[in-house]
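Participant: Sequence first, then the predicted structure, then my questions.
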Amino acid sequence: MAKKVVKVLKLQIPGGKAVPGQQLGPVLGAAGIPIGEFVKRFNDETKDRVGETVPTIVEVFEDRSYHLTYKTEPASALILKAIGKEKGSGTPNTSKIGTLSKAQIKEIAEKKMPDLNAETPEAAFNIIAGTARSMGVDVK
């Protein structure tokens, strides 16, 4: 019989650089997860993703064991990396911060495809293009 999931946590942690501090301590402690063990396991499993934010889903079971699922980096972070900026525009309709080509958006969409609720590459392209436009990035 499968274990019963008691809690599902959605965290965004820097890859390979988790620390048992202010961000993780209270969340993991409240779920009954040993913080030191979690940090060691997370850092070992994401050491190849240093420098990117790793969205992580933690399923906590009745016996306090847990399962980790790692997602791809957020689309907004991939877009900002592609244009070389720190953050998006505060007024995206009037103030543009950069331009992405259709080829760059297609590349980001292909990378994000497993995590998007899109059935076709064209739909994934449209999702990423919409995210870019809402951040103040022109699509050419």
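Facilitator: Done, it's in. Numbers count the residues shown, from 1 in each chain.

Participant: Centre of the chain to the longest helix along the chain, how far?
Facilitator: The residue-count maximum for a helix in the chain (DSSP state H) belongs to helix 121-134. Counting by C-alpha atoms, centre = their mean, to the nearest Å, helix 121-134 is centred 16 Å from the centre of its parent chain.

Participant: right, and the helix or strand after that helix?
Facilitator: Using DSSP states H and E, the helix or strand that follows helix 121-134 towards the C-terminus is strand 137-139.

Participant: List the contacts of that following strand.
Facilitator: 79, 83, 88-89, 96-100, 102, 105, 129, 132-133 (C-beta atoms under 8 Å, 6 or more residues apart in numbering). (Glycine included, C-beta is placed from N, CA and C.)

Participant: Out of the residues you listed, flag the one nearest to Asp115.
Facilitator: Closest to Asp115 out of the contacts of strand 137-139 is Ile79 (14.6 Å), distances taken as C-beta to C-beta.
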